[in-house]
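Novice: this is the structure alone, sequence omitted:
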């Protein structure tokens, strides 16, 4: 199945979906059904919000990020917290969240997060203990842009598309427990989780523009065959033998999750040179 997650407002580039679908086709990755575009119909998310509100598990919150930061006690600013989501202080939660219904759509709504630890059983990482109450507190599930936040949208879509296994980068591991709370609030079956290593640069940071132009579209435009990209991915995923070109079918038939490394994958200059054939 294919889904275009395009609810992130102004950060969405108009041609991003077209480009992504083009890259997948180039690599030989196919899908069976019509593409589901989130923004085409937000009524399923609206129905989910009414159900969560009916249980008294959400409330309206107009506070800005700066106001939440100011209310945190005490605010902590160091290298470990840089870029991390601000924890919503529990004392900002209304005393009676059940009296709030999902009415206005042009404001933020937060999920009431229980004070409990949760065990996420990950097929790659093993059991992982998380506590969203301590990590982020009550988090936003509906935004003032008039649509669902990421955590709600993907749960609703995974359920209606019949997704049984969620496979993604381990930078999203913290989202698993938050999404489990939403699955349970909506009475939906929880998927299995597979959080896999990220590709990083030689400095150990997530591969990005700071490491040069490493986009797949750049390699395609340079004439790199898709089989070469898949061959590199296969090597990173534990395929034995020297680097060689592979098709998507080769990868599918030879992949074994037990050979996956749990450590980040370093994209080196040698990998780049092999891709471009020099």
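Specialist: Structure's in. What do you need? In this text the structure is predicted, and so the values were computed from the model without any measurement. Numbering: from 1, shown residues only.

Novice: quick one, helices of the stretch 51-200 of the chain?
Specialist: Using DSSP state H, counting those that start in this stretch, the helices found in the stretch 51-200 of the chain span residues 65-71, 132-135, 150-160, 175-185.

Novice: who's in contact with the first one?
Specialist: Just to be clear, that refers to helix 65-71. The contact list for helix 65-71 (Cβ atoms under 8 Å, 6 or more residues apart in numbering) reads 63, 75, 86, 88-89, 91-92. Bear in mind the C-beta positions are built from the backbone N, C-alpha and C, glycine included.

Novice: what do you get if the cut-off is 10 Å, keeping everything else the same?
Specialist: Under the contact criterion Cβ atoms under 10 Å, 6 or more residues apart in numbering, helix 65-71 has outside partners 61, 63-64, 75, 77, 85-89, 91-92, 137.

Novice: of the helices of the stretch 51-200 of the chain, which shows the lowest average pLDDT?
Specialist: Least confident of the helices of the stretch 51-200 of the chain, judged by mean pLDDT, is helix 65-71 with a mean of 86.

Novice: now do the closest residue to residue 101 other than its chain neighbours against residue 104, distance only.
Specialist: If you skip the residues right next to it in sequence, residue 101 has residue 53 as its closest partner in space, 5.2 Å away by Cβ to Cβ, 6 or more residues apart in numbering. Residue 53 is 12 Å from residue 104, where distance means Cβ to Cβ, to the nearest Å.

Novice: the more surrounded of the two?
Specialist: residue 53 (20 against 12; other Cβ atoms under 10 Å).

Novice: what touches both of residue 53 and residue 104?
Specialist: Overlap between the neighbourhoods of residue 53 and residue 104 consists of 60, 142, taking contacts as Cβ under 10 Å, 6+ apart.

Novice: which residue ranges of the protein form strands?
Specialist: Counting by DSSP state E, the chain has strands at residues 3-4, 36-37, 58-61, 108-111, 118-122, 126-130, 140-143, 147-148, 165-169, 192-196, 199-200, 265-266.

Novice: now for the second one, which elements pack on it?
Specialist: Right, the one you point to is strand 36-37. strand 3-4 (3 or more Cβ pairs under 10 Å, 6 or more residues apart in numbering; DSSP states H and E).

Novice: what does the third one give?
Specialist: In terms of contacts (3+ Cβ pairs under 10 Å, 6+ apart), strand 58-61 is packed against helix 43-54, strand 108-111, strand 140-143.

Novice: how is the protein partitioned into domains?
Specialist: With automatic domain parsing as the criterion, the domains of the chain are listed as 1-40, 41-196, 199-276.

Novice: one step back: give me the buried entries from the contacts of helix 65-71.
Specialist: 61, 86-88, 137 (16 or more other Cβ atoms under 10 Å).

Novice: can you tell me which two in those are farthest apart?
Specialist: Based on Cβ to Cβ, the longest span within those runs between 61 and 87 and measures 14.0 Å.

Novice: shared neighbours, these two?
Specialist: Common neighbours of residue 61 and residue 87, using Cβ under 10 Å, 6+ apart, are 68, 138.

Novice: how about CSV for the strands of the chain, with mean pLDDT and distance to residue 237 added?
Specialist: CSV is the format used below for the strands of the chain (pLDDT from 0 to 100; distance: least, Cβ to Cβ, whole Å):
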stretch, mean pLDDT, distance to residue 237
strand 3-4, 94, 23
strand 36-37, 93, 27
strand 58-61, 92, 40
strand 108-111, 94, 35
strand 118-122, 96, 17
strand 126-130, 96, 18
strand 140-143, 95, 34
strand 147-148, 94, 33
strand 165-169, 95, 12
strand 192-196, 95, 9
strand 199-200, 92, 11
strand 265-266, 92, 9
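
Novice: now stretch 107-123, how far from the centre of its chain.
Specialist: Put simply, stretch 107-123 sits 15 Å off its chain's centre (Cα atoms, centre = their mean, to the nearest Å).

Novice: again with stretch 142-162
Specialist: When distances are taken as Cα atoms, centre = their mean, stretch 142-162 is centred 12 Å away from the chain's centroid.

Novice: please spell out which residues along that stretch are buried.
Specialist: Those would be 142-144, 147-159, for stretch 142-162 by 16+ other Cβ under 10 Å.

Novice: with stretch 53-60 instead?
Specialist: Using 16+ other Cβ under 10 Å as the test for burial, stretch 53-60 gives 53, 57-60.

Novice: what is the end-to-end distance of that stretch?
Specialist: For stretch 53-60, the first and last residues are 10 Å from each other (Cα to Cα, to the nearest Å).

Novice: thank you kindly, that will do.
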